[in-house]
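K.L.:
No sequence on hand, only this structure:
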C-alpha cells in the first residue's frame, strides 16, 4: 500500500517528477463537508505520506491532471467547473475557476501546449480550454453527439479518445491540420 487515510478517491494524476495527486471527495469523518486534493511526494522512488490538502475550497473533486509546469487542474463536479490549483515553485495556491459552464464534467486531459480537454458528460460533448499567452481562454466545443462521455485521453498525435458510458463505446476525435 502506497498511501492510506483517504475516504472517497475519484481521481489520480502524476506530475513529471513522479509526485502523485489524489482527488478525495470525502473527508473522514464522512460528515465533514467538502473534498480535497492531496499530493504524495516522490522521494527518489520512495513515496512519502500524503501532504496537506491543496484544494481546500473544493466541493467534490473528480478528474484531475497536472500540466508541464506543475499546476494541478481538477473538476469540481457540483460547481460544474474546472479549477486550477497553481504551482509556484512547489507551493500551491488557492483553486480558481478557469473553465465554467459545464454540465457534469467528468474527466480531463492536458496536451504538451497546456490546452485542457474536458469530457462534458451532461452535454454529451468534449470541450477544449485553450492555453495561450500564459492564460486560459473560454471552453470551446470540439466534439458533440457523445452518449455520456466519462473519459478523455490524448495520443502523441493529439487525437482525442472518448469513452462513452451511455452506450459503452470508444470514439476518436481526429486532429488534422491544426484543428479538430
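P.N.:
Received it, and whenever you're ready, just let me know what you need. None of the values given here were measured: they were computed from a predicted structure. Numbers count the residues shown, from 1 in each chain.
K.L.:
quick one: residue 166 and residue 122 touch, right?
P.N.:
No. The pair residue 166 and residue 122 fails to qualify as a contact (CB atoms under 8 Å) at a distance of 11.4 Å. Using the backbone N, CA and C atoms, a C-beta is placed for each residue, glycine as well.
K.L.:
Could I get the contacting residues of the residue nearest the centre of the chain?
P.N.:
Relative to the mean C-alpha position of the chain, the nearest C-alpha, by CA atoms, centre = their mean, is the one of residue 64, at 2.3 Å. Residues near residue 64 by CB atoms under 8 Å, 6 or more residues apart in numbering: 11-13, 21, 23, 37, 72-75, 108.
K.L.:
Could you measure from it over to residue 15?
P.N.:
When CB to CB, to the nearest Å is the yardstick, residue 64 and residue 15 sit 11 Å from each other.
K.L.:
Mutual contacts of these two, please.
P.N.:
Shared contacts of residue 64 and residue 15, defined by CB under 8 Å, 6+ apart, comprise residue 21.
K.L.:
quick one: which of the contacts of residue 64 is nearest residue 136?
P.N.:
Within the set of those, residue 73 lies nearest residue 136; the separation is 9.4 Å, counting by CB to CB.
K.L.:
secondary structure class for that closest one?
P.N.:
At residue 73 the chain is in strand, as set by DSSP: H, G, I helix; E, B strand; the rest coil.
K.L.:
what do you get for residue 122?
P.N.:
With three-state DSSP as the basis, the three-state label of residue 122 is helix.
K.L.:
And the pLDDT for the closest residue to residue 122 other than its chain neighbours?
P.N.:
When the adjacent residues along the chain are set aside, residue 122 lies closest to residue 103, with 2.9 Å between them (CB to CB, 6 or more residues apart in numbering). The confidence metric pLDDT takes the value 95 at residue 103.
K.L.:
Thanks a lot, catch you later.
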